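Visitor: have a look at this prediction, sequence included:
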Amino acid sequence: MKEYPLTDLLITGTEINYLSICPTKLWYFAKGITMEQESEWVDLGKFIHEQRYASEEKEVLVGSIKIDFIRRGDTIEVHEVKLGKSMEKAHEMQALYYLYYLKKLGINAKAVLHYPKLNETKEIVLDGREEEIEWAIKEVERIKSLPSPPRPVKSKKCKKCAYYELCWV
Ligand code: SF4
């Protein structure tokens, strides 16, 4: 599996996240196509984030990644706040990408996913999962380079997807 030098890591955490949700969604997003419904969900997420984590420094930008907040203790912790667990795999991949990216900077960190509506957290560590994230990076690059969106596949995820009309109407 290709190991990526930091200078080659130009993709965002959201793109890694969308890869796990739907390649078609990833393609639309990567081409800068955004829809109203998407921003409503983002606004709701931001509102919960602001209320619940008011004392944290928000949206820490490190190169091409934007982390919800970071805590510095014995170990650096990157924290991501999510609305619900229906896209848990996507959240996990996004967190893994952040850890992979930070490791390239010489920073060993762990990630914590927060689900404030469920009062749950989940810890993520990179150990032994580098190949998984390298595969995902390669796949994001491949999908972004396609001249047209991958054929949509209907699933229950489509109901809340901002691109529903583009795919199915
Ligand atoms: S509507 Fe469904 S198939 Fe289309 S982009 Fe969204 S999740 Fe993917």
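Guide: It's in.

Visitor: how much space separates the spatially closest residue to Glu141 that is not a sequence neighbour from the ligand?
Guide: Of all residues not flanking Glu141 in the chain, Ile11 sits nearest, at 7.0 Å (C-beta to C-beta, 6 or more residues apart in numbering). (Each C-beta comes from the backbone N, C-alpha and C, glycine too.) Using C-beta to the nearest ligand atom, to the nearest Å, Ile11 is found at 18 Å from the ligand.

Visitor: near the ligand, which residues of the chain show up?
Guide: 22, 24-25, 152-153, 157-158, 161, 163-164, 167 (C-beta under 6 Å from any ligand atom).

Visitor: just the buried residues of the residues you listed.
Guide: Among the residues of the chain next to the ligand, those scoring as buried are 22, 24-25, 152, 158, 161, 163-164, 167 (criterion: 16 or more other C-beta atoms under 10 Å).

Visitor: would you reformat these as TSV and include secondary structure?
Guide: Shown next, in TSV, are these (DSSP: H, G, I helix; E, B strand; the rest coil):
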residue	secondary structure
Cys22	coil
Thr24	helix
Lys25	helix
Pro152	coil
Cys158	helix
Cys161	coil
Tyr163	coil
Tyr164	helix
Cys167	helix
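
Visitor: coming back round to it: for the residue nearest to Glu141, list the residues it contacts.
Guide: The contact partners of Ile11, by C-beta atoms under 8 Å, 6 or more residues apart in numbering, come to 64, 137, 140-141, 144.

Visitor: from Gln94, how far out is Asn17?
Guide: Distance, Asn17 to Gln94, using C-beta to C-beta, to the nearest Å: 4 Å.
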